[in-house]
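Visitor: The sequence isn't on hand, but the structure is:
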């Protein structure tokens, strides 16, 4: 998490993790009693907790006990509070190796929806990279593997379909991380049958809502959202500011929850995946998947507030 986040946590404090529920309905984006909001994967109907962990940068540490220990604590807390989705990639330095040390602990692997990527061109190269991910993460099953940044999409999707047929992976998809990739992403989404896409979408980066998110909904594709905090931009924009009192209308207790609840309130979004390297960040972020989410009018107000900063 961004270093400035400590100031936000200290300034606003954490409200209780459990929010009394007024309704029991996934379709209205409310959490089940005491639990996390869950969203369905359209291709299967399986539901996932609506906040996951992204491992880029923060899990790229030396795979030794003292460096891995705080990350293990974060993952333990994440799972204990009902989280399951963890996303990584071979290109994230040592992140897969670190997960290979974390996931065998306390039966975590069986409680985690594990996601990785393939970013090597060519059938042979892509297959070798995926095989290496299995070894690095010390697992014989990866729940989702996506083609990273649309690299050799046709060849890598063919490999992923074979692995899915062999039940070595359960779902497949593609990822992007910047707006300039949207035209190519849209073309792939229209051409290919896929379970997931992963895309950048944040309160200050809303272009995905114009065409990509509606298309995912129409095509029956789950949506993972990367960089939901706009990297450091959103935290820097609100540095030193108090949370507006009207955020209580949608059970928001901190700036991270403000940013995540905005993303989650889009009905095409399945799961944002912010980086979470400390248990305190896990507790705060998962609060975004409890209680009410902003409605259309409130989302417009959130946009206007950030745009005016």
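Guide: Yep, that arrived. Since this is a predicted model, take the numbers as computed values, not measurements.
Visitor: So which residues of the stretch 151-300 of the chain form helices?
Guide: Assigned by DSSP state H, counting those that start in this stretch, the helices in the stretch 151-300 of the chain fall at 153-165, 182-191, 212-219, 233-237, 255-264, 279-286, 296-307.
Visitor: Adding mean pLDDT and distance to residue 101, write those out as TSV.
Guide: In short, each C-beta sits where N, CA and C put it, glycine included. Output for those, formatted as TSV (pLDDT from 0 to 100; distance: least, C-beta to C-beta, whole Å):
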stretch	mean pLDDT	distance to residue 101
helix 153-165	98	24
helix 182-191	98	33
helix 212-219	98	34
helix 233-237	95	29
helix 255-264	98	27
helix 279-286	98	17
helix 296-307	98	38
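Visitor: Rebuild the ones you listed as JSON lines, extending it with distance to residue 247 and mean neighbour count.
Guide: As requested, these are exported to JSON lines (distance: least, C-beta to C-beta, whole Å; neighbours: other C-beta atoms under 10 Å):
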{"stretch": "helix 153-165", "distance to residue 247": "40", "mean neighbour count": "18"}
{"stretch": "helix 182-191", "distance to residue 247": "30", "mean neighbour count": "15"}
{"stretch": "helix 212-219", "distance to residue 247": "23", "mean neighbour count": "18"}
{"stretch": "helix 233-237", "distance to residue 247": "14", "mean neighbour count": "18"}
{"stretch": "helix 255-264", "distance to residue 247": "6", "mean neighbour count": "26"}
{"stretch": "helix 279-286", "distance to residue 247": "14", "mean neighbour count": "22"}
{"stretch": "helix 296-307", "distance to residue 247": "8", "mean neighbour count": "15"}
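Visitor: what pLDDT does the residue nearest to residue 132 when sequence neighbours are not counted get?
Guide: Excluding its sequence neighbours, the residue lying closest to residue 132 (C-beta to C-beta, 6 or more residues apart in numbering) is residue 90, at 6.7 Å. Predicted confidence (pLDDT) at residue 90: the value is 98.
Visitor: what about residue 90, is that helix, strand or coil?
Guide: Using DSSP: H, G, I helix; E, B strand; the rest coil, the structure places residue 90 in coil.
Visitor: Could I get the contacting residues of it?
Guide: Shown in contact with residue 90 (C-beta atoms under 8 Å, 6 or more residues apart in numbering): 96, 116, 117, 118, 119, 120, 129, 132, 133, 136.
Visitor: which phi and psi does the third one have?
Guide: Comment: the main-chain dihedrals of residue 117 come out as phi -140, psi 170, following degrees, to the nearest 10.
Visitor: What of the second one?
Guide: Residue 116 has phi and psi values of phi -140, psi -170 when expressed as degrees, to the nearest 10.
Visitor: Isn't it up against residue 142?
Guide: Yes: look at residue 116 against residue 142 with C-beta atoms under 8 Å: they come within range, at 5.6 Å.
Visitor: joint contacts of those two?
Guide: Residues touching both residue 116 and residue 142 (C-beta under 8 Å, 6+ apart) are residue 133.
Visitor: quick one: which of the two has more around it?
Guide: Ranked by neighbour count (other C-beta atoms under 10 Å), residue 116 and residue 142 place residue 116 first, with 29 against 21.
Visitor: picking up where we left off before, tabulate the contacts of residue 90 (TSV), appending pLDDT.
Guide: Formatted as TSV, the contacts of residue 90 follow (pLDDT from 0 to 100):
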residue	pLDDT
96	98
116	98
117	98
118	98
119	97
120	98
129	98
132	98
133	98
136	98
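Visitor: hmm, which of those are the buried ones?
Guide: Among the contacts of residue 90, those buried by neighbour count (16 or more other C-beta atoms under 10 Å) are 96, 116, 117, 118, 119, 120, 129, 133, 136.
Visitor: ok, now how distant is the closest residue to the fifth one other than its chain neighbours from residue 200?
Guide: Spelled out, that is residue 119. Residue nearest to residue 119 in three dimensions, not counting chain neighbours: residue 148, with 3.5 Å by C-beta to C-beta, 6+ apart. Residue 148 is 14 Å from residue 200, where distance means C-beta to C-beta, to the nearest Å.
Visitor: Cool, thanks, talk later.
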